[in-house]
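Q: Everything below, folded, please.
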Amino acid sequence: MRRIHRTRRDRVTDVALFLFAACFAAVSSQSIPVPETLDPVWRDVDQVVGGLGCAATLLRRRWPVPLAVVLLVAGTWAHYLTGPAMVAVFTVAATRPWRVTAWVAALAFAPLPVFLWQVAELSGERTGSALTYFALIAGAIGWGLFRRSRQQLIASLRERAELAEADAELRAEWARRETREEIAREMHDVLGHRLSLLSVHAGALEFNPGAPREEIARAAGVIRESAHLALRDLREVIGILRAGPDEGERPQPELADLARLVAEARATGGRIELTGPPDGRIPPPAVGRTAYRIVQEALTNARKHAPGAAVAVAVSGSPDGRLTVEVRNAPPPGSASVRGLGEGGDGSAGGDGSYRGGSAGGQGLIGLAERARLAGGELTAGPADGGFLVHAWLPWSTTGIASPAYRSSASGKGE
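A: Model (predicted):
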């Protein structure tokens, strides 16, 4: 037998409905038209059956349909089962499917056509009692249907709330993943440039310990300054991550900062030629930041993988067209291989010249290609004229293409 778990509220409801059925039978007993010719023994039996019917309402959760059928059939000759029958049909309407409720309702109103056929022959008292009975049964079924619809509505709202909560959790997880990717990309962009400067001069000191004191002092100064700036950038990035949404953000690099970036690279001995950006024509900040990051990463890769090679940076464009960024490096001195901007694990060029990144960490030119794509542009990299070329174009205006993901990736957290 299936065990039905009942809560405290269910038990209180069952007892309340039992008391309702008993009180209804007791109150209506004086108005029930019982024939005067009824034997006193059958009258007592009738009352006992009414009491048993009231007690049987406690079984309404376990056997609602059989209980309703028995009480309705027995009510055709017993006079004190109206209260229990109301409780039974209410339970069926509130807990069972529409089809089952319809069959029980049909059984409850089956005597109605016969009553209407004989209504002219019945006394006024019996006619009023019968009409009251059918009205009470109809009211009990209607109330049960209302309660069932309300429970279904509450269950639907609860399900929708659970789905909304699950959707919010998925969105939060997506946002956290996007934030982690943004942090990783920004840490790469911020620290890669500084640490590559430090690595170049540290390597020079290692392989040339007999250099003049002035050169050693100069290299040590660059190492100290690069380490200091790297720590400062790292501290500021972490500070932005810990700061609240109303505490502002660190000023972001733009296209006008390219001259300072190239000057820092030249200070380390790099041979870099800068052409552009266009004077007096400044693209939107998001586009300028993306272009800045492309040049920054390309210079970092050239410094790491083609040390000593000449690098040419060209930035051009107009407001009614595109912003074009090209960074080209020649082979390093004494090397015939094509190395530099896209080698060393940061990227590779396919046979069609399009960029196909291969960074193990998923950063470097891979991240820049993704930034260019989100900005509505494209980044390609590959061998060119014995060297290596990184070429990117970006729409001058971000109107219509600056999705939330692009704005997140392009804004960054610092230089």
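
Q: all contacts plus neighbour counts: C-alpha atoms, from now on.
A: OK.

Q: show me where the stretch 151-300 of the chain has strands.
A: With DSSP state E, counting those that start in this stretch as the criterion, the stretch 151-300 of the chain has strands at 272-275.

Q: any low-confidence regions in it?
A: 183, 185-186, 189-190, 193, 236-237, 239-251, 280 (pLDDT under 70).

Q: Which parts of it are helices?
A: Taking DSSP state H, counting those that start in this stretch as the criterion, the stretch 151-300 of the chain carries its helices at 213-242, 258-267, 285-305.

Q: now those in TSV, with mean neighbour count and distance to W174?
A: Listed next are these as TSV, based on neighbours: other C-alpha atoms under 10 Å; distance: least, C-alpha to C-alpha, whole Å:
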stretch	mean neighbour count	distance to W174
helix 213-242	16	17
helix 258-267	16	33
helix 285-305	24	22
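
Q: what's the closest of these to S397?
A: helix 285-305 (7.6 Å; C-alpha to C-alpha).

Q: List the neighbours of the helix or strand immediately after that closest one in the chain that are in contact with it.
A: Following helix 285-305 in sequence order, the next helix or strand is strand 311-317 (DSSP states H and E). Contacts to strand 311-317, defined as C-alpha atoms under 8 Å, 6 or more residues apart in numbering, come from residues 271-278, 295, 299, 302, 323-330, 396.

Q: so how far is strand 311-317 from its chain's centroid?
A: 41 Å (C-alpha atoms, centre = their mean, to the nearest Å).

Q: Now do the same contact list for L198.
A: V222, I223, S226, A227.

Q: What subset of the contacts of strand 311-317 is buried?
A: The neighbour-count test (16 or more other C-alpha atoms under 10 Å) applied to the contacts of strand 311-317 identifies 271-272, 277, 295, 299, 302, 323-330, 396 as buried.

Q: right, and out of these, which lies closest to S156?
A: W396 (48.9 Å).

Q: any idea how far the residue nearest to the spatial centre of the chain is from W42?
A: Nearest to the mean C-alpha position of the chain, counting by C-alpha atoms, centre = their mean, stands R171 at 2.0 Å. Per C-alpha to C-alpha, to the nearest Å, R171 is found 72 Å from W42.

Q: Kindly report the same for G83.
A: From G83 to W42 the distance is 20 Å (C-alpha to C-alpha).

Q: neighbour-wise, which of those two wins?
A: G83 (27 against 11; other C-alpha atoms under 10 Å).

Q: Spell out the secondary structure type for that one.
A: Under the three-state scheme (DSSP: H, G, I helix; E, B strand; the rest coil), G83 adopts helix.

Q: hang on, it packs against A22?
A: Yes. Contact criterion C-alpha atoms under 8 Å: G83 and A22 qualify, at 7.1 Å.

Q: what do the two both touch?
A: Joint contacts of G83 and A22 (C-alpha under 8 Å, 6+ apart) are C54.

Q: Run through who's touching the host helix or strand of C23.
A: Using DSSP H and E, C23 sits within helix 8-28. Helix 8-28 is contacted by residues G50, G51, C54, A55, T57, L58, Y80, L81, T82, G83, P84, V87 when judged by C-alpha under 8 Å, 6+ apart.

Q: repeat that with 10 Å
A: 6-7, 29, 32, 47, 50-61, 79-88 (C-alpha atoms under 10 Å, 6 or more residues apart in numbering).

Q: mind checking how far it is from the chain centre?
A: On C-alpha atoms, centre = their mean, the centre of helix 8-28 falls 48 Å from the chain's centre.
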